[in-house]
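[1] pasting the sequence and the predicted model now:
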Amino acid sequence: MHPVLERLKTQFPDAVLAVQEDETRGDLSAQVRADRIVDIGRFLHDDPALAFDHITDICSADYPDAPERFEVIYHFLSLPHRHRIRVKARVTEDSPALPSVTGIWRGAEFMEREVYDLMGIVFEQHPDLRRILMPEDYDEGYPLRKDFPTEGRGWRGSFPFIPRLDEPPAELAEEIPAEEKQAFLANAEAPASSRRTEELLLNMGPQHPSTHGVLRVVLELDGERIVKATPDLGYLHRGVEKLAEGLHYMQVIPHTDRLDYVCSMTNNYAYVRAVEKLVGITVPERAEYIRTIVAEMQRIIGHLFWLGTQALDIGAMTVFFWTFREREVLLDMFEKLCGARLTLNYYRIGGVDADFTPDLVARLKAFLDTFPDHIREYDSLIMNNRIWLGRTKGVAVISAEDAISFGLTGPTLRGSGVDYDVRKYEPYGAYDKVDWEVPVGKNGDTYDRYWIRMEEMRQSCRIIRQCLDQMPQGPIMADSPTVIPPPKEKVMRDMESLIHHFIIFTQGFKPPKGETYCATEAPKGELGFFLISDGSPRPYRMKIRAPSFIHMGAFDHMARGYLISDIITIFGTYDIVMGECDR
């Protein structure tokens, strides 16, 4: 038995019902009593030998035929010891409730609200338990339950009344009482030190693009200072997780493009890696190098998009034009590689769709020869610009301890001085075969997160160049006939291959029963897919751990005390995309 599971079992012999170590996939899991989840969580967090300080995700699964219908799955990560664990607790349909762990991990507040919203499970002692993606007065059920139809049930909720312009609301036409007028004038004429002050409630959004997607934030203000910032999500909800339950595993790949549509390649990569881990496929070495190259090209594209839009939000227009100039060069290569520029559908379970040609290699090397100079150009415009420094230095500061507690990842976490990158912690692709470094900040402010993304683009250039030099010859798809269809050229000429192709695409493939979580380092942070297989050709449950959603959970914490104008900068420092947040 793994030492983590053994220690947990020894500490809670009555509360830990079962433990499992999946040696093939490297997963640890423990089934525990729901009423003891806080005690177990506190032990996992506080015990120095375990130190599961980072909350990765909380999700749920529905088993309608089981005595205890709902299962809540907690994903924890120990940054000091570099291991993960899944803790699972069952609750009944009659009493779907268990204690909240928000007192241990602050990021659990958003995660538990999502489980409550989509599955109807109540978390007792939660500080603000209400719907988070669906409208607050949505009364048609819980979308991720198995008895909820994929096409939905509509919504008959109440909409706010919008008066006609020629008929103002009655309350505006009424005369203001004289005593209220006198009180107002007296307050306005009084000395500033003795005036009565009130907090102002301000709606910001939903609009696009200054909130990086369709997002609404309710601001409570004291003058121009933020007292509280409450994000209101769900305006772009597209139900990818629900849709996946009715699709074959291969059919899900195009849907991942629509999550973070700025960095579609990385979404493809994260999903196919999770399926390969579930099925047990070994990807050919050449395909791994190509995947790594394309992923780092996508990282550069994502960071260029971030830098251009962040600079534009702050007022620097030239940077936007320059970054999009280099972005277009890489998108041209994507178009040559797979025929598309935005939603790409390039990665495949077991490999990639098309090989890297000598022409692409030459064009990419030419890009790498000039791109570092372009990065220096961007720096020359803004690194020491007093407006840029004033809008980023000391703004949206978050400590390393708070960043870990909220479950932050990617540049947002590394900006606070936490050296965590999935590519180094759990190497995949060709990342362990090349030499590169993980940039880490010190102050946890917007400027540090800017600096990290600039350094990451330089590191991506190093990774790509080494991968191009080391890339071996060989196949680009794994040899696994039960999962992977034959090459198209064989399908068009050989009857046996045609039948094989027909069966794979009409019936799908059937992974073994089980579950797994697979993390990938996307440009925005850790993008994870949790898959539960019941042995059928469709995922029984697919949960997407989207960094944009997790990061919005810390928005209020990072916004308090700053100015209204800083809100846009804080949106930008996360590099959020609402398609991923409202998946």
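    Perfect, I can see it now. Note that the coordinates shown come from a computational prediction; the quantities given were computed from them, not determined experimentally.
[2] so what would you say the end-to-end distance of stretch 390-408 is?
    Start-to-end span of stretch 390-408 (C-alpha to C-alpha, to the nearest Å) is 25 Å.
[3] contacts for that stretch?
    Applying C-beta atoms under 8 Å, 6 or more residues apart in numbering, the contact partners of stretch 390-408 are 53-57, 79, 105-107, 111, 314, 412-413, 416-418, 443-447, 450, 525, 550-551, 553-554, 557-559, 562, 565-566, 569-570, 573. Glycine gets a C-beta too; all of them are placed from N, C-alpha and C.
[4] enumerate the positions of that stretch that are buried.
    Buried residues in stretch 390-408, defined by neighbour count with 16 or more other C-beta atoms under 10 Å: 391-392, 395-398, 400, 402-408.
[5] take those residues and write them to CSV, including distance to residue 131.
    Output for the buried residues of stretch 390-408, formatted as CSV (distance: C-beta to C-beta, whole Å):
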residue, distance to residue 131
391, 34
392, 34
395, 31
396, 27
397, 30
398, 26
400, 32
402, 26
403, 26
404, 27
405, 24
406, 21
407, 20
408, 23
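[6] and the residues you listed, which is closest to residue 378?
    Lowest distance from residue 378 to these (C-beta to C-beta) belongs to residue 392, with 13.8 Å.
[7] that closest one and residue 564: what is the separation?
    Separation of residue 392 from residue 564 (C-beta to C-beta, to the nearest Å) stands at 16 Å.
[8] got it, and residue 472?
    On the measure of C-beta to C-beta, residue 472 and residue 564 end up 54 Å apart.
[9] and the closest residue to residue 133 other than its chain neighbours, how many neighbours?
    Excluding the flanking residues, the one nearest residue 133 by C-beta to C-beta, 6 or more residues apart in numbering is residue 234, at 3.8 Å. For residue 234, the neighbour count with other C-beta atoms under 10 Å is 21.
[10] show me where this protein dips below the pLDDT cut-off.
    Confidence mapping of the chain against pLDDT under 70 gives the ranges 155-198, 209-211.
[11] tell me what the longest helix seen in it is packed against?
    For the chain, the helix with the greatest residue count under DSSP state H is helix 285-314. Applying 3 or more C-beta pairs under 8 Å, 6 or more residues apart in numbering; DSSP states H and E, one finds that helix 285-314 makes contact with helix 264-279, helix 317-338, strand 351-352, helix 358-382, helix 386-392, helix 446-470, helix 564-574.
[12] please produce TSV containing these, extended by distance to residue 208.
    Formatted as TSV, the helices and strands packed on helix 285-314 follow (distance: least, C-beta to C-beta, whole Å):
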stretch	distance to residue 208
helix 264-279	19
helix 317-338	16
strand 351-352	32
helix 358-382	24
helix 386-392	21
helix 446-470	21
helix 564-574	11
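[13] now do the contacts for residue 548.
    Per C-beta under 8 Å, 6+ apart, neighbours of residue 548: 260, 524, 574, 576, 577, 578, 580, 581.
[14] where along the stretch 101-250 of the chain do the strands fall?
    For the stretch 101-250 of the chain, the strands defined by DSSP state E, counting those that start in this stretch cover 122-124, 200-207, 215-222, 225-232.
[15] possible to save these as CSV with mean neighbour count and distance to residue 306?
    Below are the strands of the stretch 101-250 of the chain laid out as CSV (neighbours: other C-beta atoms under 10 Å; distance: least, C-beta to C-beta, whole Å):
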stretch, mean neighbour count, distance to residue 306
strand 122-124, 16, 34
strand 200-207, 14, 19
strand 215-222, 18, 16
strand 225-232, 18, 19
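[16] of all the ones you listed, which lies closest to residue 95?
    Across those, residue 95 has its closest neighbour in strand 122-124 (8.8 Å, C-beta to C-beta).
[17] that closest one - which strands sit beside it in the sheet, and in what orientation?
    Strand 122-124 pairs in its sheet with strand 97-99 (parallel), by DSSP bridges.
[18] the helix or strand harbouring residue 41 packs against which elements?
    Under the criterion of DSSP states H and E, residue 41 resides in helix 37-46. Counting by 3+ C-beta pairs under 8 Å, 6+ apart, the packing neighbours recorded for helix 37-46 are helix 3-11, strand 70-78, strand 83-91, strand 97-99.
[19] for it, what is the distance to the chain centroid?
    Distance of helix 37-46 from the chain centroid (C-alpha atoms, centre = their mean, to the nearest Å) equals 25 Å.
[20] C-alpha coordinates for that helix, PDB please?
    Only the C-alpha atoms of helix 37-46 are listed here, as PDB (Å, rounded to 0.1, in the frame of the first residue of the first chain):
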ATOM      1  CA  ILE A  37     -14.700  14.800   5.300                       C
ATOM      2  CA  VAL A  38     -13.600  18.000   7.300                       C
ATOM      3  CA  ASP A  39     -11.500  15.900   9.800                       C
ATOM      4  CA  ILE A  40      -9.900  14.000   7.000                       C
ATOM      5  CA  GLY A  41      -9.300  17.100   4.900                       C
ATOM      6  CA  ARG A  42      -7.700  18.900   7.900                       C
ATOM      7  CA  PHE A  43      -5.400  16.000   8.500                       C
ATOM      8  CA  LEU A  44      -4.400  15.800   4.800                       C
ATOM      9  CA  HIS A  45      -3.700  19.500   4.800                       C
ATOM     10  CA  ASP A  46      -1.900  19.900   8.100                       C
END
